[in-house]
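Trainee: Only the shape, not the letters, is given here:
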């Protein structure tokens, strides 16, 4: 029987090749097995660094969406989809962002986060439907996540998002020369064959995690969510975050623990407002007005004339 075209396409994928450095994987003792995995993992940062100009373009699109009141929506399946949902879920506690600003859409729904849903990634129509259900439009940026590039759910979602007027991006470990989808930006960290053939939860997943960290962190920094290298818009939803809020105010202003706690309370639990109040010796209303005029940037609020 001749090999079908679909099989031939699958066999050619960069993510489905055998790694010549691990042909003897099943013969290795644990220490050497771990050394091989670690050696392969060390190649990932360089692959991501080579894509920085394209990652920067993605950040520009996301910032533009945020400034228009739009959203960043990830669409993925399997490991890639889980990474998108993870990145989205971490933005509100880290940056104090509205949970709607960054969303993760997963093939098979949220149940697929903890258990594989057979065939979900092969349903392009469900990817399209997910974009419609979320009301994707011109203010949004939608980024597809698929290590192999070809995942039908993701391809369908990106095609529909583009049709609905959204800006689109794609994060894949397929070489750029093999990427033929129409998107505004493609990010292609080529990490090479996995230690275990086809196990894209390994190097490919690590590369995608690094890229997503960069996109949201850089975008929110450009939205005024950081002062120097500190999170100043975090939500104090846990004991750790309450203490981090107080330590941030102490670090920036030089006040002691008790004064930092009082300042945050007086600022309506806003670390940004507390910093401006303490640094400038002003009222909450004046601090808030300064932050509004500075577009939410603490540095601008502190440096601006009254």
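Mentor: All right, it came through fine. Remember, it's a predicted structure, so these values are computed and weren't measured experimentally. Residues are numbered from 1 along each chain as shown.
Trainee: on contacts alone, who are the packing partners of the host helix or strand of residue 249?
Mentor: Secondary structure from DSSP states H and E places residue 249 in helix 239-253. The contact analysis (3 or more CB pairs under 8 Å, 6 or more residues apart in numbering; DSSP states H and E) places helix 239-253 against strand 230-231, helix 257-266, helix 271-280. Glycine gets a C-beta too; all of them are placed from N, C-alpha and C.
Trainee: try 10 Å
Mentor: Applying 3 or more CB pairs under 10 Å, 6 or more residues apart in numbering; DSSP states H and E, we find helix 239-253 packed against helix 78-95, strand 226-227, strand 230-231, helix 257-266, helix 271-280.
Trainee: These: which one's closest to residue 48?
Mentor: Closest approach to residue 48 among these is made by helix 78-95 (13.5 Å; CB to CB).
Trainee: Pick the most buried one from the helices and strands packed on helix 239-253.
Mentor: helix 271-280 (a mean of 24; mean count of other CB atoms under 10 Å).
Trainee: Show me how far that one is from its chain's centre.
Mentor: When distances are taken as CA atoms, centre = their mean, to the nearest Å, helix 271-280 is centred 29 Å away from the chain's centroid.
Trainee: Also stretch 36-45?
Mentor: Here stretch 36-45 shows a centroid-to-chain-centroid distance of 21 Å under the convention CA atoms, centre = their mean.
Trainee: what about it, average pLDDT?
Mentor: When pLDDT is averaged along stretch 36-45, the result is 97.
Trainee: and what of stretch 185-193?
Mentor: 96.
Trainee: Report the contact partners of the residue most central in space within the chain.
Mentor: Centroid check for the chain by CA atoms, centre = their mean gives residue 212 as the closest residue, at 2.9 Å. The contact partners of residue 212, by CB atoms under 10 Å, 6 or more residues apart in numbering, come to 55, 58, 72, 74, 76, 80, 83-84, 86-88, 90, 102, 104, 143, 145, 171, 187.
Trainee: With residue 190 instead?
Mentor: Counting by CB under 10 Å, 6+ apart, residue 190 touches 14-15, 43, 47, 50-51, 172-178, 204, 207.
Trainee: Now restrict those residues to buried residues only.
Mentor: The neighbour count (16 or more other CB atoms under 10 Å) marks 14-15, 47, 51, 172-174, 204, 207 as buried among these.
Trainee: So which residues of the chain form helices?
Mentor: Per DSSP state H, the chain carries helices over the ranges 5-12, 30-41, 44-49, 52-67, 78-95, 124-133, 152-163, 203-221, 239-253, 257-266, 271-280, 284-293, 298-303.
Trainee: could you check the angle helix 152-163 makes with the fifth one?
Mentor: It refers to helix 78-95. 50 degrees (axes from the mean of the first three to the mean of the last three CA atoms, to 10 degrees).
Trainee: relative to helix 239-253, how tilted is helix 78-95?
Mentor: Using the same axes, to 10 degrees: helix 78-95 against helix 239-253 is 50 degrees.
Trainee: Point out the other helices and strands that helix 78-95 packs with.
Mentor: Contacts defined by 3+ CB pairs under 10 Å, 6+ apart place helix 78-95 against strand 72-76, strand 102-106, strand 141-145, helix 152-163, strand 167-171, helix 203-221, strand 230-231, helix 239-253.
Trainee: just to revisit the earlier point, would you turn the helices and strands packed on helix 239-253 into a markdown table with distance to residue 199 and mean pLDDT?
Mentor: Putting the helices and strands packed on helix 239-253 into a markdown table (distance: least, CB to CB, whole Å; pLDDT from 0 to 100) gives the following:
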| stretch | distance to residue 199 | mean pLDDT |
| --- | --- | --- |
| helix 78-95 | 9 | 94 |
| strand 226-227 | 35 | 96 |
| strand 230-231 | 34 | 92 |
| helix 257-266 | 46 | 95 |
| helix 271-280 | 41 | 96 |
